[in-house]
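Asker: This is the structure alone, sequence omitted:
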């Protein structure tokens, strides 16, 4: 009964916080509303007050974790409504491809990519040889994810994950797994769980790996006996390449093919499936013309962005959908691809 009552009270508190947040936006500059908002959206987290955290803690204690240490960690962080809000309404969901593209495909990001490539030429060449992944794609991923290490996140990862476990029911189980993996990662790598910063979803470092991906795909690419994606760009290079290799990147194969023209029939038939789902012959039967000559039986997909305004339509190959394994968004994959091509062109010009 106590736990149920606490949970109801906390839900009321969070709903009130959301209401105050709405009011604060309507009354910009209100000192009173701002102070109320701060007091309502921060609360110390105690395991006994959060059933999801208590369940997770008991599971970890059964696996050998110290109860008092877990209590200390949870008691040192606060529930952050801002993290729930960011997860519930990510900014990119409301963006057009034109606007989203503008975040990444710009001169300064391309120049930063060129400088990163020039700095780590040997390491990128080694990663490409070892894993079969194009150097420019590895560079572009790091550029999109962290601006080549300039921005690696502002949220405490432990606090973010604890908040999401307790306050985001739709994916509570997923984030419980991430929180467990994060603590395991900290034990393995000697990180302080309360000091690691990352995204609101708990991704860290140059490549913004979540904890389960870090433990599964990160590699010690500079052979210093530590796998550090937070501070070491060389480990990040090898780890991104390994991630794509493990997700079946096909060495030397294309990512996108251009269309010289397409019909409304093709535009209407595009799907949201993140895999190759038709043949080149199927596409050409709609009257579309490809710039590249491709085998009629080759399996591909069709990507249509901003279809209701100024459609951008491309033929996507298997490797395009491998990029979506990193982030399940066709806009994300297209941004990575276009940035990779822009940086590659700058590199060829520089040479």
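Answerer: Perfect, thanks for sending it. All of these numbers come straight from a predicted model, not from anything done at the bench.

Asker: give the contact list for residue 207.
Answerer: Applying Cβ atoms under 8 Å, 6 or more residues apart in numbering to residue 207 gives the contacts 141-142, 145-146, 229, 236, 239-240, 243. Where C-beta positions appear, they are placed from N, C-alpha and C, glycine not excepted.

Asker: Let's see that with 10 Å instead.
Answerer: 138, 141-142, 144-146, 149, 152, 213-214, 217-218, 229, 233, 235-237, 239-240, 243, 326 (Cβ atoms under 10 Å, 6 or more residues apart in numbering).

Asker: just residue 57 next, same as before
Answerer: 47-48, 50, 65, 67, 70-71, 73-74, 179-180.

Asker: Find the least confident helix or strand in this protein, judged by mean pLDDT.
Answerer: Least confident helix or strand of the chain, by mean pLDDT, DSSP states H and E, is helix 31-41 with a mean of 40.

Asker: What helix or strand is the nearest residue to residue 316 once chain neighbours are set aside located in?
Answerer: Nearest non-adjacent residue to residue 316, counting by Cβ to Cβ, 6 or more residues apart in numbering: residue 301, 4.3 Å away. In this assignment (DSSP states H and E), residue 301 forms part of strand 299-305.

Asker: That strand - contacts with which helices or strands?
Answerer: Judged by 3 or more Cβ pairs under 10 Å, 6 or more residues apart in numbering; DSSP states H and E, strand 299-305 is in contact with helix 97-104, strand 256-257, helix 264-269, strand 278-279, helix 280-284, strand 312-316, helix 318-323, helix 330-350.

Asker: pretty sure residue 86 is touching residue 167, no?
Answerer: No: assessed by Cβ atoms under 10 Å, residue 86 is found out of contact with residue 167, at 11.7 Å.

Asker: ok, those two, which is more surrounded?
Answerer: Taking neighbours as other Cβ atoms under 10 Å, residue 86 and residue 167 compare with residue 167 leading, 21 against 16.

Asker: and the closest residue to residue 346 other than its chain neighbours, what pLDDT?
Answerer: Using Cβ to Cβ, 6+ apart and skipping the chain neighbours, the partner closest in space to residue 346 is residue 114 (4.6 Å). Looking at residue 114, its pLDDT reads 98.

Asker: For residue 114, which residues are in contact?
Answerer: 139, 342-347, 349-350.

Asker: buried ones in the host helix or strand of it?
Answerer: Applying DSSP H and E as the criterion places residue 114 in helix 107-119. When neighbours are counted by 16 or more other Cβ atoms under 10 Å, the buried residues of helix 107-119 are found to be 109-110, 112-114, 116-117.

Asker: Tell me which stretches of the stretch 151-300 of the chain form helices.
Answerer: Remark: helices assigned in the stretch 151-300 of the chain by DSSP state H, counting those that start in this stretch are 157-167, 172-189, 211-217, 233-246, 264-269, 280-284.

Asker: Ok, which of these comes nearest residue 127?
Answerer: Checking the helices of the stretch 151-300 of the chain against residue 127 by Cβ to Cβ gives helix 233-246 as the closest, at 4.0 Å.

Asker: Now do the closest one: which elements does it pack against?
Answerer: Under the contact definition 3+ Cβ pairs under 10 Å, 6+ apart, helix 233-246 sits against helix 107-119, helix 121-131, helix 135-146, helix 211-217, helix 318-323.

Asker: and the ones you listed, which is most packed in?
Answerer: helix 135-146 (a mean of 25; mean count of other Cβ atoms under 10 Å).

Asker: The helix holding residue 114 relative to helix 97-104, how many degrees between them?
Answerer: If you take axes from the mean of the first three to the mean of the last three Cα atoms, to 10 degrees, helix 107-119 sits at 50 degrees to helix 97-104.
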